[in-house]
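J.: sequence isn't available, so here's the structure alone:
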């Protein structure tokens, strides 16, 4: 079975081709209810539609760019447009409507933009201030929303409960049973009258309705869980200036006229126009499929919703929101396309298909054997030409039994149990600070063998402070002196230079918030340096206003540095500042500021002193940054690149970022669970090694390597090196990508990777499980990830691994339980039909059994919470069989036991219990049914553990399991004792009840004995 499944029902956890997804759908031959079976699979037709829309967008934009280029040549001759402002817009105080705004940006219409007075003119017509933004008055915001729309795209409406009932009724076998029930009612009432003749038919109808409502309730609750998770996925905030204050707002609150601050890694939240900024490069591939990045500036100011900032930073004026944008229309289509189905869903669809075909064969044979026995009997009595109502009912009952065998035999619940388990796990993981974006990541994480983790913010707290500095060749303990001591030891000229470097060459900002308090915005590293600058007596706004910024090169993890060029107020001199990885910036320096505050040549002794200082800082687990400057003599234009060398070193700062509490324990837990943790960081190797030792990642037999060294290794060297690598420092995004790819392809590892920056996207995309940081992560990283770690904590990653294992094992438990019921129900009814000419389990009884093993069984076993024992097992890895030998041992062992018990009852039951008289067969069949159900109840308890003997451990922690078992037993008593007329049962004696329960319970020690057999 496993080889057939791997050949035909094997999909990847991510990036499966449309052909592969189409292939397994075509192989699903026996599907009782396609609406339900394929509810949580990708809608391929909607995906084709989205791809076509992207292609159209690409063509539109190409034409728009060509038109706008042509328009530049004739721009001086722009004639007044015939545009008139609609009356309702004019009455509200605006001079432009939503449609006109939308056409300007979407069509890149330079002529229209010029006619409306450019970006400044448009902001005036929108009653927005480019500096202070919109007014925060609620009435004005509501009015603006009514005129220009909200920043949300259309989503499919939540299905009501009755839609799920309707879809559950589409089960082909239930529909056939419904028809059988209808004919049974007609024939029964015609022959026996009302109400006696209606019992069989009404029994089947009641059972169908019970199955339908229980199924619909389970499916409806799942849909609500997924809807809640979808809402969480879409919670994105952006930096916006409103009422003169910089603040964080949800993208859904954006309105035309808002001023949005965009930085590298952000997703453009709405259509808009560039106001100011530097080096802005936009990736439009998500909208158009075009991989070539686009430069955005004052000449090409158009920013489209859904595109991503690849480099630079800027301020943007929002013009168009929601469904008026192309991104809104594309997302509305894409959301209907759905998530890819998970590998387990597809594999279990394969199992359901195989067993369904076997079940269909057995059902046909059973029906043929029962009919043949009936005809044989009628031939012997020579009544084959005469048919009574009872005989018609008997034939109908045979057909109903055959159909019900298909109901029981086709495990429609298998693939849906995966969805149930994943929905439950995702909801619980949300509470544990992990947001799952792709369903498959949940189950794949359970098989993870390697975690490649960032250092900053994941293993450390991301609360950074400058604790040591080496300014003007003088090492100072900043933490001890609180900054004031450092300030007094720095010459005035050097202090001025240092403050100029800190406040101008930064991606952060110092602002005054609504409460009038000073607030620092930016990454933790930038915040730490700005705090250091303020402690030295610097004034951020004064420093920024006194200099004119000519060019900015934001930090990226390839260059490992950032730079700015400013025009000084005195004499128009031009100065460049740079900061970044200490050894890289120091290598670009030729001078250094000495203790007197003078720039002197950087000789060997000074270089040695500074390198020793860097290593000392790093060995104390400090992140080191070097700050440098140079005066540019021969003029500078914004198109020139910032010089790469010739700088003067101002100093080095050491930033403390403490290790998170509990990380060491989590790393040790991973090691015991067979998961190798590797640290991949852009930091100095000594800093990385110090942190890795503190976390327990770097061991005596492990290797720490630098990215540039790793890059130079050939394939043969990598084969020997990679298994030993525990720390990679000074790594570039491509080093990370190469390591992940090698681990996945060459070493067949299942790799989880953490990332927070834009450049981490390729590694997150390549990994089996991409884990993005919720706090420090950029939108680009989150978009490429499968799971978002909301608290940026490594311990949460371990929790995700534990939940992943729980999902995988829970589904295995459910499959083991359901296949046991399938096998026994099939063999019992088939063998009985062949040997005795009748089936002991009726249609109504089989429907009840089907509900026990399908919906209720999935609820009980697939929602088991994780325990610490899960992290003491080795991971499944990439090649593990889903249905293991241990599972087959348990399935076949239990099936044999249950079959022997039921067959003995059929053969010897009457004499054993002294059953005589006309009701003896009914009592025996009731006893068989009761024994069969209690066998399933106790087998369900045994299935809680596939290898362990103690199956009661932690049973009370899973209240769902206890409730399901309680409900099953309660309704079984009701069915036997009170619903005999409809369920073809009769009340049992105390001895018969005791026997039924004892037979079921006996399955537990047998299951324990089976677990001792090595396979």
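T.: Yep, it's here. Computed from a prediction, not measured in an experiment: that's the story for all the values here. Numbering: from 1, shown residues only.
J.: contact partners for residue 113?
T.: Applying C-beta atoms under 8 Å, 6 or more residues apart in numbering, we find residue 113 in contact with 104, 119, 122, 273, 301. No exception for glycine: its C-beta is placed from N, CA and C like everyone else's.
J.: how about residue 871?
T.: Per C-beta under 8 Å, 6+ apart, neighbours of residue 871: 669, 670, 672, 673, 798, 801, 802, 805.
J.: so among the residues you listed, which ones count as buried?
T.: 669, 670, 673, 798, 801, 802, 805 (16 or more other C-beta atoms under 10 Å).
J.: just give the nearest non-adjacent residue to the second one, would you?
T.: Looking back up the chat, that one is residue 670. residue 677 (5.2 Å; C-beta to C-beta, 6 or more residues apart in numbering).
J.: give me the three-state assignment for the one you found.
T.: strand (DSSP: H, G, I helix; E, B strand; the rest coil).
J.: that one contacts residue 664, doesn't it?
T.: No: contact status for residue 677 versus residue 664: not in contact, 10.9 Å apart, counting by C-beta atoms under 8 Å.
J.: now tabulate the contacts of residue 871 in CSV and tack on secondary structure.
T.: Supplementary listing: the contacts of residue 871 in CSV, determined by three-state DSSP:
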residue, secondary structure
669, helix
670, helix
672, helix
673, coil
798, helix
801, helix
802, helix
805, helix
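J.: closest to residue 581 among these?
T.: Closest approach to residue 581 among these (C-beta to C-beta): residue 670, at 28.7 Å.
J.: what sits against the closest one?
T.: Here residue 670 is in contact with 451, 676, 677, 798, 801, 871 (C-beta under 8 Å, 6+ apart).
J.: go again using 7 Å as the cut-off
T.: 451, 677, 798 (C-beta atoms under 7 Å, 6 or more residues apart in numbering).
J.: what about residue 761, distance to residue 783?
T.: 8 Å (C-beta to C-beta, to the nearest Å).
J.: what about those two, which has more around it?
T.: A count of neighbours by other C-beta atoms under 10 Å puts residue 761 above the other of residue 761 and residue 783, at 25 against 20.
J.: is that one in a helix, a strand, or coil?
T.: Applying three-state DSSP: residue 761 is helix.
J.: pLDDT wise, what is the residue lying closest to it once chain neighbours are set aside at?
T.: Nearest non-adjacent residue to residue 761, counting by C-beta to C-beta, 6+ apart: residue 784, 4.2 Å away. The model reports residue 784 with a pLDDT of 80.
J.: for residue 784, give its distance to residue 734.
T.: From residue 784 to residue 734 the distance is 15 Å (C-beta to C-beta).
J.: try residue 828
T.: 61 Å.
J.: the more surrounded of these two?
T.: residue 828 (21 against 15).
J.: neighbours around the residue lying closest to the more buried one once chain neighbours are set aside, how many?
T.: Leaving aside its chain neighbours, residue 828 sits nearest to residue 902 (5.3 Å; criterion: C-beta to C-beta, 6+ apart). Residue 902: 26 surrounding residues under other C-beta under 10 Å.
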